[in-house]
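Novice: Here's my sequence, what's the structure:
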Amino acid sequence: SSDIGAALAKYWVSEGYSVSGTFRKKSFITKELEALGINLYYLDLNSSKSCSELIGKIPNDYSWDTLIIGAGDLNPVGPFAQTNFKLWEVSLRINFTGQLEVLQKLIPLAKAKTNPSPVCLFFAGGGTNGAVKNYSAYTISKIASIKMVELLDAEIKDISFTILGPGRVETKIHKATLDSSFEIIGEEFYKTKEMLDNDLCYPIKNVIKCCNWLIHQERDLISGRNFSAVHDPWDQDKILKIIENPNIFKLRRYGNDFFI
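Specialist: Modelled structure (predicted):
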């Protein structure tokens, strides 16, 4: 109900899609979305009860062909050794396990026999290619989500499961960094501040374009894979040649072979 999710909802409504979504807090954005005819349902990913109650609120004849799972929270930030572990577990719930609990309940509601197949799209984050210090809960959740997409792809053949790294987009997720300090999280504090102050973020409009590309692709092209809106040639024909490698855009030790 905010940031990338709200932007996608507004765009798809303008294109004639029927859109439903969730919110945790009412805001001027939720009012704006509801005014556009979007059905919004309360959901707290940190509550299993809330996840169960969501399904009870959805109309009996409801079905989906595109499911976007886009919640994200950087908290708690700071070194793992000094982090409140209860808050660390909450982060995993919000960024990973709670999302999967909702997905499990929504899988039976996917539209059958659509072409291309129904698409479930997650969002990844930083940390795939290195050790991003002081954001361990968020990073681990996103890495786990990337692998879960591959597992879901292997188990469920009539839905496409994919995950997208949107890049550094101007969203409220950065508030956790700005509310901290250089002393706690190091250079990432100033890097984030410079990015936001100088309009260096990756445009949300480009993320929307990439999402639209993903949801209109055949399952064999996207399912089980982790894409980057910023770095991958998703809008070029050469992507068809690249994905011939079954290990591309996936978590792998493949290629790390060594000989003694």
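Novice: For the chain, which segments are assigned as strands?
Specialist: Listed in chain order, the strands of the chain (DSSP state E) span 20-23, 39-42, 66-69, 119-123, 160-165, 226-228.
Novice: how far away is Lys10 from Leu92?
Specialist: 30 Å (CB to CB, to the nearest Å). No exception for glycine: its C-beta is placed from N, CA and C like everyone else's.
Novice: on that earlier part again, deepest of the strands of the chain, which one?
Specialist: Stretch with highest mean neighbour count among the strands of the chain: strand 160-165 (a mean of 25; mean count of other CB atoms under 10 Å).
Novice: Show me what it is packed up against.
Specialist: Packing contacts for strand 160-165, counted by 3 or more CB pairs under 8 Å, 6 or more residues apart in numbering; DSSP states H and E, involve strand 119-123, helix 136-155, helix 204-215, helix 219-222, strand 226-228.
Novice: got these as TSV, with distance to Ile242 and mean pLDDT columns?
Specialist: Compiled in TSV, the helices and strands packed on strand 160-165 are given as follows (distance: least, CB to CB, whole Å; pLDDT from 0 to 100):
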stretch	distance to Ile242	mean pLDDT
strand 119-123	19	97
helix 136-155	17	97
helix 204-215	14	96
helix 219-222	10	94
strand 226-228	11	96
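Novice: hey, which of those is tucked in deepest?
Specialist: Comparing those by mean count of other CB under 10 Å gives strand 119-123 as most buried, with a mean of 24.
Novice: Let me see the residues that make contact with that one.
Specialist: Residues outside strand 119-123 that contact it (CB atoms under 8 Å, 6 or more residues apart in numbering) are 4, 65-70, 72, 99, 103, 110, 145, 148-149, 152, 159-166, 211, 214-215, 222.
Novice: So in that sheet, which strands flank it, and in what orientation?
Specialist: strand 66-69 (parallel), strand 160-165 (parallel) (DSSP bridges).
Novice: Compare the helices and strands packed on strand 160-165 and give me the one nearest Asn84.
Specialist: Among the helices and strands packed on strand 160-165, the nearest to Asn84 by CB to CB is helix 136-155 (10.5 Å).
Novice: Strand 119-123 and that closest one, what's the angle between them?
Specialist: Relative orientation of helix 136-155 versus strand 119-123 (axes from the mean of the first three to the mean of the last three CA atoms, to 10 degrees): 160 degrees.
Novice: Using CSV, write out the CA atom coordinates for helix 136-155.
Specialist: The C-alpha coordinates for helix 136-155 follow below in CSV (Å, rounded to 0.1, in the frame of the first residue of the first chain):
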residue,chain,number,x,y,z
SER,A,136,21.8,-9.1,8.5
ALA,A,137,18.1,-9.9,9.1
TYR,A,138,16.9,-8.1,6.0
THR,A,139,19.7,-9.6,3.9
ILE,A,140,19.2,-13.1,5.0
SER,A,141,15.5,-12.9,4.4
LYS,A,142,16.0,-11.7,0.8
ILE,A,143,18.6,-14.4,0.1
ALA,A,144,16.2,-17.0,1.5
SER,A,145,13.5,-15.6,-0.7
ILE,A,146,15.6,-16.0,-3.8
LYS,A,147,16.2,-19.7,-3.0
MET,A,148,12.5,-20.2,-2.1
VAL,A,149,11.5,-18.9,-5.5
GLU,A,150,13.6,-21.7,-7.1
LEU,A,151,12.1,-24.3,-4.7
LEU,A,152,8.5,-23.2,-5.5
ASP,A,153,9.3,-23.3,-9.2
ALA,A,154,10.5,-26.9,-8.8
GLU,A,155,7.4,-28.0,-6.9
